[in-house]
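K.L.:
The following comprises the amino acid sequence and a computationally predicted model.
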Amino acid sequence: MSRPMRRRAAACQTCRKRKVRCDNARPACGFCQANDFPCAYAERGEHEKEDRNMTRVTEQLEKLSREVENIRSLLASGASTNANPNAIAFPQICPPSECGINTGFATGAAESQRDYLQVPACGGSADTILTWPIFGGRFRDSSLVTTLFQSPHGGESSRHTDTWIVPSGFQSPPTENIPALVDRFIQNVHTKNPILDLEALVQSGRRAAEFGLQWDAHSCLVLLACALGSISHPFTHSMNASQMERLYHDQARPGSFIPVSAADLRDGETFFVLACRRIGLLRHSVIGAQCHFFAGVYLMYTFRPLAAWNHFSQASTFYRLRLRLIEGLSIDDMSAHDAETQHDSVARRLEQSLYWSCFKSEVEIRVELPLPQSAIAEFEYPTLFPTPPTLSGDYPGNDQFPPGSLDEDRRTAHTQQHRLFDRPDLEARRHIIQLFDEEQSWYYYLTEVALRRIANRVLNAFYRGNRPASTWSTLKPFIPIALEFESQINAWAANLPPAMQYYGNNANSPTGHATAAGGGHGSNHDLHDSISLELSWAIGNRLLEIRLWLYQPFLYFAIHHPMTTGVAAPSNLTAGEAASMQALAQSGFTCCMQILQARCLRHRHHGIWFDLRALVTASLIVIALVKSGNLDVPGIDLAEEDLRGHFTKTLEALTYWEDEAADIKRARQVLMELIEETG
């Protein structure tokens, strides 16, 4: 007679969240005792709710994403009712059921994909705004970013621009520092792009520290992690930077804010150059694509967006070729997606994340620079979102005693005799969970992917064509589209997970919070607090970015046409439409002022160059509004005060970074010139 199956004992709450095996000891399990963590066991059914948390977030993201498809009908109707021959040809998008979202490789150039896969270049950038008529034609196209495409040596070929060279004063980096730098990378960088197997990375770093660096892909990835670890710091160290710098310089006390120094930058560049010597040896594999991706991230940290785009494009090419190889290796007409699912779940999740990180990074640069997209923009991934990690307590080795087996009773005794984290892989996991909150990182990552899709649809709705501004003098068909987009963006903002609203709820006074959180070396709580602040701050900036793209056509109209309502409204607009346009333009001005407040932090990260570009864009729009006099700009009264006072933080931020970026220096000079003329 067979023995009835018995339910496996549920792990404690801490072990479940951190995804380690629990020995179920009472009152506290072995893992919690060893790490001095609180240990609590949920009542039956409670842990099932926890396991469904991430699934529910994903479902909510997908639901909100599909709601954006309601805009498609407005796009189509807007195209049919627009009699202006210069107006934008709106994309015709198929219904969700016909888009093939869950069907392997994309076919053809279907608009269902191109409304978010391929985006126009530079439509809402600062360089484009300088070509608006309000500035009198004095600036040519790409006048700010031209410096990025010029040789630092006057256009002449030089070995310094042909190859990456080791910085002066080179000393071989001490390998014993590698594990600590990898830890800093995990804490400060990987949280925004969770595309690596961290256990493998930690173990590779430890091997490099013990046996030396090799010439393989794993050593290349370790070197890139060290490069980024050298130049990155926790977010709370950057908040209220000026006050902390005074503490550092005046008191030089231990634990005060230490900015990224010249030595840090030199060490980072040394690690990066050593990694570049190995990048040419990489094969078209997932780890090869990961190396190119994080090389691009490092170059964004150090204000080299053109070189970063090259590596992001290479990462996308590596990944696209890998998908082709999977397709070619499939047999019996098995689809590429089916072949891919033969991988284990962890590998599949990492590959999905890699796709979205490559795609997002390419698009972000294309919005600012006139550069092409890689082949990844022609491929629609089979899943709407990358698969988040499971929140179950399962971990390799848990099936050693299958549930219901005769040996199950020996599970506890076996665990007590052989501590799980004595094994190298489990010890590495124990180390990682003290550095990295995987669940929080994935809340951010899924939200970023969803917002990227909405942002791309906004860009395609309003910025298609070589000269999108030429169509903005007739905005009547855009009004319902903009109102619907605005409604959807507001819905996203209202439905963000609480963790992604943390900055807005807890850092309304950044000075006090930063001083408290950044005043010492910090505990794990302070570390996680810093990560929560950074991730939610980044999401807030993303929402502001999307809103400004949405409002920019109406700001353009307000700048170049008097904004009136009622009987004085333009003949082609009803009073209600004119009021809506004025409200959208007013919201755009408010958005600009919020950007000037939010993105001035002196925090070196993947998006620092984009932060500074956003500051310049918002500043130029505000200056143009003031010059035109066509829109009420609350808080700015030229009769009472100098205009320059409203851009103090922006100019300070640009000045702080301009020595590392010639285009940022050029932008500050142009901004100063326009402020002096206008104010």
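P.N.:
Yep, it's here.
K.L.:
tally of neighbours for residue 648?
P.N.:
Using other C-beta atoms under 10 Å, residue 648 is surrounded by 11 other residues. For every residue, glycine as well, the C-beta is placed using N, CA and C.
K.L.:
Can you mark which positions in the strand or helix carrying it are buried?
P.N.:
Element membership for residue 648, per DSSP states H and E: helix 648-657. When burial is assessed from 16 or more other C-beta atoms under 10 Å, helix 648-657 yields the following buried residues: 650-651, 653-654, 657.
K.L.:
and residue 616, what is it in contact with?
P.N.:
126, 144, 650, 654, 667, 671 (C-beta atoms under 8 Å, 6 or more residues apart in numbering).
K.L.:
what separates residue 428 from residue 118, distance-wise?
P.N.:
As for residue 428, its distance to residue 118 is 40 Å (criterion: C-beta to C-beta, to the nearest Å).
K.L.:
Actually, residue 163.
P.N.:
Separation of residue 163 from residue 118 (C-beta to C-beta) stands at 33 Å.
K.L.:
what's the closest non-adjacent residue to residue 615?
P.N.:
Closest residue to residue 615 apart from its sequence neighbours, by C-beta to C-beta, 6 or more residues apart in numbering: residue 650 at 4.7 Å.
K.L.:
Is the residue nearest to residue 475 when sequence neighbours are not counted within a helix or a strand, and which one?
P.N.:
Once flanking residues are discounted, residue 475 sits nearest to residue 557: 5.4 Å by C-beta to C-beta, 6+ apart. Per DSSP H and E, residue 557 falls inside helix 524-560.
K.L.:
Tell me the helix or strand right after that helix.
P.N.:
Downstream of helix 524-560 (by DSSP H and E), the next one is helix 575-598.
K.L.:
Restrict that following helix to CA atoms and write it as PDB.
P.N.:
Below are the C-alpha coordinates for helix 575-598, written out as PDB (Å, rounded to 0.1, in the frame of the first residue of the first chain):
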ATOM      1  CA  ALA A 575     -13.800  76.800 -27.400                       C
ATOM      2  CA  GLY A 576     -13.500  73.500 -25.700                       C
ATOM      3  CA  GLU A 577     -10.600  72.400 -27.900                       C
ATOM      4  CA  ALA A 578      -8.800  75.700 -27.400                       C
ATOM      5  CA  ALA A 579      -9.200  75.300 -23.600                       C
ATOM      6  CA  SER A 580      -7.800  71.800 -23.800                       C
ATOM      7  CA  MET A 581      -4.800  73.000 -25.800                       C
ATOM      8  CA  GLN A 582      -4.100  75.700 -23.200                       C
ATOM      9  CA  ALA A 583      -4.400  73.200 -20.400                       C
ATOM     10  CA  LEU A 584      -2.000  70.800 -22.100                       C
ATOM     11  CA  ALA A 585       0.500  73.600 -22.700                       C
ATOM     12  CA  GLN A 586       0.200  74.800 -19.000                       C
ATOM     13  CA  SER A 587       0.800  71.200 -17.900                       C
ATOM     14  CA  GLY A 588       3.800  71.100 -20.100                       C
ATOM     15  CA  PHE A 589       5.200  74.200 -18.400                       C
ATOM     16  CA  THR A 590       4.600  72.600 -15.000                       C
ATOM     17  CA  CYS A 591       6.400  69.500 -16.200                       C
ATOM     18  CA  CYS A 592       9.400  71.500 -17.300                       C
ATOM     19  CA  MET A 593       9.700  73.100 -13.900                       C
ATOM     20  CA  GLN A 594       9.500  69.700 -12.200                       C
ATOM     21  CA  ILE A 595      12.300  68.400 -14.400                       C
ATOM     22  CA  LEU A 596      14.500  71.400 -13.400                       C
ATOM     23  CA  GLN A 597      13.900  70.500  -9.800                       C
ATOM     24  CA  ALA A 598      14.200  66.700 -10.000                       C
END
